[in-house]
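In: model this:
(one chain, ligands or ions: 1)
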Amino acid sequence: MGRIRSAVALAALASVLILTACVPIGPGDDFGEAATPAQISSSAKPSISISLDTSKYENVWVKAIEEVENDGRSLLRVSYPFTEHEEINARMEAVTQAFVDEYRRTAAEIEASYQEYKAETGKEAATFITHFRQHFDVSAADESLIFFDLVRSISTGGTGNAYVVGYIFDRRSGAELALPDLFVDDSYLEQLSVLTREALAKRVSSEELASDLDWVEDGTAPTAANFDNILIRTDGTFLVRFDKYQVAAGVEGVVEVALPLADIADLLRPEVRELLGVEREAEESGTGVIETDATYAVAEAAFAFDGARSLANSAGVSTALPTGLSLTRPVGGLLQWFGAARQESSLSDESVNCQEVACVALTFDDGPSFYTDGLLDILKEHDVRATFFVLGTQVRIQSETVARMFREGHQIGNHTWDHPNLTNMPDDQIQEQLRLTDDLIVQLIGEPTPFLRPPYGAYNDRVLAASGLPIIFWSVDPLDWRDRDAAIVAARIMEAPVGAIILAHDIHKSTVDAVPAIINALRGRGIQFVTVTNLFEPQELHAQNVYIRQPELPSEQ
Ligand code: NI
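Out: Coordinates of the predicted model:
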């Protein structure tokens, strides 16, 4: 591990620096929205540009890459830091490359579906877009430590995501530090748990946050996995970031709690206190020194603090290391279900169907899409019933597919007309969103949709009241929109507990490809696939209620 200051490399770089004013590339527009026609350029040629630029931070340069392909439907715009330290550069380049690789895979997949769709329908829907953006900020820096925040946003047609990943480096060695390395010991978790729980509970009770107290309690339990995303802001406050769904409904996205530095200052190691301008304690704790060499060796191999936030949330394990450091790494077979700890273990009464046999409800959102007919073939072949939460805009394009769903015994739920966040809409617009879709469905199958799944899982009391429908949430989210890998998606869903409502999207080829393995694995566990209505029978679903999973499970066989 060469820890040579790269004076030579820097000199070479200086000659190619483009000395324009540095503005890190911004996060761009909103996510979850389809591209407007104006965003699609008429140029057929891919365009790629790479630049290296000075930044407003000393000894930090900006490397930027921009690629525009597929007539503007695919856009990559990333920038990442370049420093005096080649180990820092290698790490930043590697994490950026992983993001770029993901973009290329996703863009190729979405472009292929676009071409298929266009060939089949002769239409040019604007939903087939892939926009990946990344820029960075330096949240704190001195001669010994530097904190980079990589700010990322991904937009893929109907779904999108934005998140920030923090990286901390020892500037003298180039070693990457994990979050626990900033603190004297693990007691910081307890403190963060108490402080954030208090702040979030206040927001829940004032209805500022779409969540409930159980949800907050689970998401703020004092584990390293729950608190592996903390950013230090230039004003010195600690920003604790909770992943989408960790403490609140998806509509809230990443939930942040800013804590005054003073509240946790005494838990920080001396070097960090110094960086942040906290008055130094008189005594120097022997354990307070960051052991850079040891840290580097383990940090290199670790996923810690690495943006796999939502995955680490439910599946992270804390690994004790010989150095006394603690790193969190995601483990295989990740699965996230909400409020799983709240699951009742009540026994079933003697009844039919899911009261007697183990069931799950497989649900597919955002379609129908080009892939849905293939999915229906698979479901038919395996004699599996599912529930489709369809978008009116898609039903309009693929009404045949929806009629087929109904014929083949699947259930059809309302996912609104064009996937807006209903919590931001006046009542009449909420109703319009549901009615437009419902009208189409009634024309096709002769009956209205029995329930609603709000886009982004976003609802509040007003949405509940205005919709006049039961709301079907989910208890298992395989994050299939993000990880476009059939094996990963299948592995997550295979672990679904009995009684689960499983969220998936039939707009991704990888998800559809995962379905045969999912069916085989769950059937192998003795689990039947039923529609949402079947899962709850004989209980009826009522308007203004939210259903997350089967409330009463069959007794053990
Ligand atoms: Ni959706």
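In: End to end on stretch 421-434, go ahead and measure it.
Out: 13 Å (Cα to Cα, to the nearest Å).
In: in it, what counts as buried?
Out: Across stretch 421-434, burial judged by 16 or more other Cβ atoms under 10 Å covers Asn421, Leu422, Thr423, Met425, Ile430, Gln433, Leu434. All C-beta atoms are positioned from the backbone trio N, CA, C, and that covers glycine.
In: How far away from the center of its chain is it?
Out: Between the centre of stretch 421-434 and the centre of its chain there are 25 Å (Cα atoms, centre = their mean, to the nearest Å).
In: which other residues reach that stretch?
Out: Applying Cβ atoms under 8 Å, 6 or more residues apart in numbering, the external contacts of stretch 421-434 come out as 32, 210, 251, 392, 414, 416-418, 420, 449, 452, 454-456, 458-460, 462-463, 465-469.
In: so of those, which ones are in strands?
Out: The subset of those located in strands under the criterion DSSP state E comprises Asn414.
In: So among the contacts of stretch 421-434, which ones count as buried?
Out: 32, 210, 251, 392, 414, 416-418, 420, 449, 452, 454-456, 458-460, 463, 466-467, 469.
In: out of the buried residues of stretch 421-434, which are inside helices?
Out: Among these, DSSP state H puts Ile430, Gln433, Leu434 in helices.
In: with the residues you listed in mind, which one is nearest to Ala90?
Out: Closest approach to Ala90 among these (Cβ to Cβ): Gln433, at 48.3 Å.
In: I'd like to know which of the ones in helices among the buried residues of stretch 421-434 is nearest to Thr106.
Out: Gln433 (27.7 Å).
In: And that closest one, what's its pLDDT?
Out: You'll see Gln433 listed with a pLDDT of 94.
In: swap in the one 4 residues further on?
Out: According to the per-residue confidence, Thr437 scores 95 in pLDDT.
In: can you check the one 4 residues further on too?
Out: Each residue has a pLDDT score; the one for Ile441 is 94.
In: again, but for the one 3 residues further on
Out: Per-residue confidence for Leu444 comes out at a pLDDT of 90.
In: check contacts around it.
Out: For Leu444, the contact set (Cβ under 8 Å, 6+ apart) comprises Val395, Ser399, Val402, Ala403, Phe406.
In: Out of the residues you listed, which comes closest to Val95?
Out: Using Cβ to Cβ, Val395 comes nearest to Val95 of those, at 39.8 Å.
In: quick one on the thing from earlier: now, which of the contacts of Leu444 sits nearest the ion?
Out: In terms of Cβ to the ion, no member of the contacts of Leu444 lies closer to the ion than Val395, at 13.7 Å.
In: ok, back up a step: I'd like the ones in helices among the buried residues of stretch 421-434 laid out as JSON lines, including distance to the ion.
Out: As requested, these are exported to JSON lines (distance: Cβ to the ion, whole Å):
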{"residue": "Ile430", "distance to the ion": "16"}
{"residue": "Gln433", "distance to the ion": "13"}
{"residue": "Leu434", "distance to the ion": "14"}
